[in-house]
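Engineer: Task: produce atomic coordinates for the following.
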Amino acid sequence: MYGGSKALFFALSRSTALKRLASKYGMATPESFARRFIAGETVEEAIHDARILQSRGMLLTLDYLGESVRTIDEASAATAEYVRLIDVIVKSGIERNVSLKLTQLGVTVDRATCVDNLRRILDPAGKHGFFVRIDMENSPYTAVTMEVFETLWQQEHRNIGVALQAALHRTEQDVRRMIELGARVRLVKGAYKESPAVAIQAKKDVDAAFVRLMRILLDEGTYPAIATHDEAIIASTCSYANSRNIARDRFEFQMLYGIRRDLQARLVADGHRMRIYLPFGRQWFPYFMRRLGERPANVGFVLRAILRER
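Structural biologist: Numbering: from 1, shown residues only. Got it, this is the predicted structure:
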């Protein structure tokens, strides 16, 4: 079921008919079903929600949704939107932290163009004190993502980090390389359906890999982000940090907007750093479907909401 649900929702995310239906009902009003997981289609809506989160003691990162552009012009347009987002965030006064995907910046079209586009974002981001996280996509893009990251790192861009997926067989090697560089890692389980040759298949084994990598990062990493909604893994992280006398300001937890709000609030109340991944934009449907694939319990919520809105 673990891998099966991912595969099902990945397939559904590519359905044109389902996307049309979701577009009609998903974001029609502030109460629409997708608004639980997506902070609106505009940056203004996202900033409104960001201010609410900050008032509750939470950290945040904004993600302008989009991926797998097909042309250099589309990649340039996405890059321009991120540059504009930096300016809008500065003027808004909210925390200066963003996340992005390299396929959105054209890595599948032309790698050199992608590097240039990322540099166009990192330059103003660095000037204004932003941290930029590169999200990890499915395994065909893992190697090139790490290569692009290192290219910019070697060019003295230090305001960047990367997300790594515990499910992939190669990830411990990547974790150790990031530790060697002193780069910041967001550790996630992995939202994509992958083959046994590339990734661990059983959930219990993915969980075990996550815990092992979490411990390595807490011991040796630079301000790691432990990104999970799994209460058992969160408890394990807290227990391990306590046993090693690792201060709470040396790492943070991260969760997705709209998922396990109770747990988010509880961790903040307990004095932990909690960052919320705040996605927004019109290209929200693939992201939304991956969230359902990761947490099928959300499907009932969505179906009830669709029936109520029709």
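Engineer: Next, work out how far apart the closest residue in space to residue 280 that isn't next to it in sequence and residue 133 are.
Structural biologist: Distances taken as Cβ to Cβ, 6 or more residues apart in numbering place residue 46 nearest to residue 280, at 3.8 Å, with adjacent residues excluded. Bear in mind the C-beta positions are built from the backbone N, C-alpha and C, glycine included. According to Cβ to Cβ, to the nearest Å, residue 46 stands 16 Å off from residue 133.
Engineer: These two: who's more crowded?
Structural biologist: More crowded of residue 46 and residue 133, by other Cβ atoms under 10 Å: residue 46, with 27 against 22.
Engineer: ok, the residue nearest to residue 280 - contacts?
Structural biologist: With contacts defined as Cβ atoms under 8 Å, 6 or more residues apart in numbering, residue 46 is in contact with 39-40, 62, 278, 280.
Engineer: What of residue 135?
Structural biologist: Shown in contact with residue 135 (Cβ under 8 Å, 6+ apart): 63, 99-101, 163.
Engineer: returning to that earlier point: mark which of the contacts of residue 46 are part of strands, please.
Structural biologist: When DSSP state E defines the strands, the subset of the contacts of residue 46 inside them is 62, 278, 280.
Engineer: May I have the residues that are in contact with residue 283?
Structural biologist: 65-67.
Engineer: Filter the residues you listed down to just the ones in strands.
Structural biologist: Among the contacts of residue 283, no member lies in strands (by DSSP E).
Engineer: Low-confidence bits of the chain, can you list those?
Structural biologist: Scanning the chain for pLDDT under 70 picks out the ranges 1-33, 290-291, 293-310.
Engineer: can you give me the strands in it?
Structural biologist: 59-64, 97-100, 131-134, 160-165, 184-188, 225-227, 252-256, 274-280.
Engineer: the longest helix in the protein is where?
Structural biologist: The longest helix of the chain (DSSP state H) is helix 72-92.
Engineer: Format the CA atom coordinates belonging to that one as CSV.
Structural biologist: Presented in CSV, the C-alpha positions along helix 72-92 are these (Å, rounded to 0.1, in the frame of the first residue of the first chain):
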residue,chain,number,x,y,z
ILE,A,72,13.8,28.1,-21.9
ASP,A,73,11.2,30.9,-22.0
GLU,A,74,9.1,29.0,-19.4
ALA,A,75,12.1,28.6,-17.2
SER,A,76,13.0,32.3,-17.5
ALA,A,77,9.4,33.2,-16.5
ALA,A,78,9.6,31.0,-13.4
THR,A,79,12.9,32.6,-12.5
ALA,A,80,11.5,36.1,-12.9
GLU,A,81,8.6,35.1,-10.6
TYR,A,82,11.1,34.0,-7.9
VAL,A,83,13.0,37.2,-8.2
ARG,A,84,9.7,39.1,-7.9
LEU,A,85,8.8,36.9,-4.9
ILE,A,86,12.1,37.9,-3.2
ASP,A,87,11.2,41.6,-3.6
VAL,A,88,7.6,41.1,-2.3
ILE,A,89,8.8,39.1,0.7
VAL,A,90,11.3,41.9,1.6
LYS,A,91,8.6,44.5,1.4
SER,A,92,6.2,42.3,3.4
